[in-house]
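Trainee: need coordinates for the following:
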Amino acid sequence: MVEKQIAQSETTPGIDTSVELCGLRLDNPVVPASGTFGYGNEFKDFYDINILGSFSFKGTTREPRFGNPTPRIAECTAGMINAVGLQNPGIDAVIRHELPRLRSFFRKPVIANISGFSVEEYAYCCERIDKQEQVGIIEVNVSCPNVRHGGMSFGTSPEAAAEVTRAVKAVTTKPVFIKLSPNVTDIVAIARACEEAGADGISLINTVLGMRIDVARRRAVIANTMGGFSGPAIFPLAVRMVYQVARACRIPVMGCGGVQSARDVIEMMMAGATAVQVGAANLVNPYASKEIVEALPGEMRRLGIERLSDIIGIA
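Mentor: Modelled structure (predicted):
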């Protein structure tokens, strides 16, 4: 059975790392981000991933996807660019194979990241995943291209993001977080539109559109030409957007973007995040999230913080 509570309280005397996210109690706010942690199986041999607050599994679509051609990942200063292309086995395989396997080594509710290329696909996948006991929160990635409207991302328009939110909320019972793209002019307007459409929370930010050129070969480094830029270089941008959205909306925020340390987690929470996702750091160091969880109590003690929940939005 999946535990109703995400975990037990932090046991360090005088220190409480627990937070509550839409009724689910996480014993710490550290959540590996979608696309960097697979379906958990890839990391379970490195350490007991039950020490995490939860994790967001790989973006899942209705049909299986092979993804983009290679090369599709490239290092760059203070980060990386990727254009994996939502490679995943499809919603049926996730329900039939990945979630039962996950149950064998992960005791806590997981965050299900859902992607789609039409409103109907989002609704279909979210309705299917909502019925799965292991899923505690549904995270909807609206950075996907809207194939019916010229390929523009659902997340670049308040109207399109709200349309997806309403469709998903109509067929689900579990908390729904909308994961927003930073590649917009007004992140607050889009977050507010999602909130008004019924979203239970906001995740931000997704990757920033970037590009590198191999000057010796005179062409783009990755086959897709452009891709998502992530890593420590985008941390200040992520903090700024979390701060703006948390002050403008009444629903909780999961912050993401360039987080590398326990101090980064605390900074993101002071900006307004209730939970904090760790992305590219997991690809550089498979122990990154574990090390952040273990470092949190000491960092809290140095900063004079007894309860992490007290610092949310304090800045």
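
Trainee: in this structure, which helix is the longest?
Mentor: With residue count as the measure and DSSP state H as the assignment, the chain has helix 288-303 as its longest helix.

Trainee: what's that one packed up against?
Mentor: Under the contact criterion of 3 or more C-beta pairs under 8 Å, 6 or more residues apart in numbering; DSSP states H and E, helix 288-303 touches strand 30-32, helix 262-271, strand 275-278, helix 281-284. For glycine as for every other residue, the C-beta is placed from the backbone atoms N, C-alpha and C.

Trainee: okay, which residue is most central for this protein?
Mentor: The C-alpha lying nearest the average C-alpha coordinate of the chain belongs to Ala33 (C-alpha atoms, centre = their mean; 4.1 Å).

Trainee: that residue and Val278, how far apart?
Mentor: For Ala33, the distance to Val278 under the criterion C-beta to C-beta, to the nearest Å works out to 6 Å.

Trainee: for the protein, what are the low-confidence residue spans?
Mentor: Per-residue confidence for the chain (pLDDT under 70) gives these ranges: 1-12, 145-152.

Trainee: hmm, try it at 80
Mentor: 1-13, 144-152 (pLDDT under 80).

Trainee: farthest from the middle of it: give me that residue.
Mentor: No residue in the chain has its C-alpha farther from the mean C-alpha position than Ala216, which lies at 35.5 Å (C-alpha atoms, centre = their mean).

Trainee: quick one: which helix or strand includes that one?
Mentor: Remark: Ala216 resides in no helix or strand, with elements defined by DSSP states H and E.

Trainee: give me the contacts around the biggest strand by length in the chain.
Mentor: Determined from DSSP state E, the single longest strand within the chain is strand 135-141. When contacts are taken as C-beta atoms under 8 Å, 6 or more residues apart in numbering, the neighbours of strand 135-141 outside the stretch itself are 2, 6, 21-22, 24, 34, 54, 56, 59, 99, 108-115, 122, 126, 129-130, 164-165, 168, 172, 174-179, 201, 203, 206, 254.

Trainee: what distance separates it from the centre of its chain?
Mentor: Centroid separation for strand 135-141 versus its chain: 9 Å, with C-alpha atoms, centre = their mean, to the nearest Å.

Trainee: right, and the helix or strand after it?
Mentor: helix 158-169.

Trainee: could you give the angle of that following helix to strand 135-141?
Mentor: Computed by axes from the mean of the first three to the mean of the last three C-alpha atoms, to 10 degrees, the angle separating helix 158-169 from strand 135-141 equals 150 degrees.

Trainee: mind listing the helices for the stretch 101-250 of the chain?
Mentor: 119-130, 158-169, 187-196, 235-248 (DSSP state H, counting those that start in this stretch).

Trainee: buried stuff in the longest one?
Mentor: Of all the residues in helix 235-248, those buried under the rule 16 or more other C-beta atoms under 10 Å are Phe235, Ala238, Val239, Met241, Val242, Tyr243, Gln244, Val245, Ala246.

Trainee: what of the second one?
Mentor: Judged by neighbour count using 16+ other C-beta under 10 Å, the buried positions of helix 158-169 are Pro158, Ala160, Ala161, Ala162, Glu163, Val164, Thr165, Arg166, Ala167, Val168, Lys169.

Trainee: and the fifth one, how close does it get to Tyr122?
Mentor: In this structure, Glu163 and Tyr122 are separated by 9 Å, where distance is defined by C-beta to C-beta.

Trainee: list the buried ones in stretch 202-212?
Mentor: Of the residues in stretch 202-212, Ile202, Ser203, Leu204, Ile205, Asn206, Thr207, Val208, Gly210, Met211, Arg212 count as buried by neighbour count, 16+ other C-beta under 10 Å.

Trainee: so which of these comes closest to Pro297?
Mentor: Ser203 (25.1 Å; C-beta to C-beta).

Trainee: does Asp187 touch Met241 like I think?
Mentor: Slight slip there: residue 187 is Ile, not Asp. Yes - counting by C-beta atoms under 8 Å, a contact exists between Ile187 and Met241, whose distance comes to 5.0 Å.
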